[in-house]
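*Asks:* have a look; sequence and predicted model below, questions after that.
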Amino acid sequence: MAAEKLTRGRLAQIIVMLTLLVVAFFWRTLVYTPGLTIIDCEGERGFCGTSQSQQAIAFSWRKEQNSVIFSATSDQKPHLAYWGEEGNKQIEISDQQDRDGEKITLTWQWKTQDLPRDAMSFNLVFDQYQFKFNYPKSE
């Protein structure tokens with residue numbers, strides 16, 4: 001291909017296109033919000049996570065007399081924890097936090113009468129991952 005002389009028109013075209021590309025890149029970067037991936041965790045104890053998530057959690061539910069105890073162990077502390085029911089968020093703060101090397105164990109304990117009415121699940125949010133733990137069924 002023969003080299004062409006750089007004219008004012010061609011230079012203006014290059015500058016306009018580069019400006020558009022840079023603006024589009026920064027616009028997409030600034031307005032991008034990753035979607036929240038919901039991970040359902042079944043049962044009263046075990047491990048929960050997906051092959052795509054870098055976050056894995058060991059969890060357990062326990063009932064003692066008139067209390068319900070939930071513990072979760074992971075590499076990082078969740079930035080939000082709440083009961084989920086029809087979009088309502090009742091934020092819960094962990095009663096206890098223990099660190100064992102790289103792992104953090106968070107424990108929540110509620111009196112049975114203090115639980116939210118019709119509580120169906122307890123949710124922990126780590127960055128873009130929401131772990132949904134189903135409340136154990138009454139026996």
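*Replies:* Great, that's in hand.
*Asks:* show me what whatever helix or strand Thr105 lives in is packed up against.
*Replies:* Under the criterion of DSSP states H and E, Thr105 resides in strand 103-111. Where contact means 3 or more CB pairs under 8 Å, 6 or more residues apart in numbering; DSSP states H and E, strand 103-111 is packed against strand 67-74, strand 96-100. From N, CA and C alone the C-beta is placed, and that goes for glycine too.
*Asks:* could those go into CSV alongside mean neighbour count, distance to Ala81 and mean pLDDT?
*Replies:* Written out in CSV, the entries for these read as follows (neighbours: other CB atoms under 10 Å; distance: least, CB to CB, whole Å; pLDDT from 0 to 100):
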stretch, mean neighbour count, distance to Ala81, mean pLDDT
strand 67-74, 19, 9, 85
strand 96-100, 10, 12, 79
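*Asks:* in JSON lines, list those along with distance to Asp127.
*Replies:* JSON lines is the format used below for those (distance: least, CB to CB, whole Å):
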{"stretch": "strand 67-74", "distance to Asp127": "12"}
{"stretch": "strand 96-100", "distance to Asp127": "19"}
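*Asks:* how distant is the strand holding Thr105 from the center of its chain?
*Replies:* Shown here is strand 103-111, whose average C-alpha point lies 18 Å from the average C-alpha point of the whole chain (CA atoms, centre = their mean, to the nearest Å).
*Asks:* between whatever helix or strand comes next after it and strand 103-111, how many degrees?
*Replies:* Toward the C-terminus, strand 103-111 is succeeded by strand 121-126 as the next helix or strand (DSSP H and E). Angle of strand 121-126 versus strand 103-111, following axes from the mean of the first three to the mean of the last three CA atoms, to 10 degrees, is 150 degrees.
*Asks:* residues contacting the very next helix or strand once past strand 121-126, please?
*Replies:* Once strand 121-126 ends, the next helix or strand along the chain (criterion: DSSP H and E) is strand 129-134. Residues lying outside strand 129-134 but in contact with it, judged by CB atoms under 8 Å, 6 or more residues apart in numbering, are 36-42, 48, 53, 55, 57, 59, 61, 70, 72, 84, 120-125.
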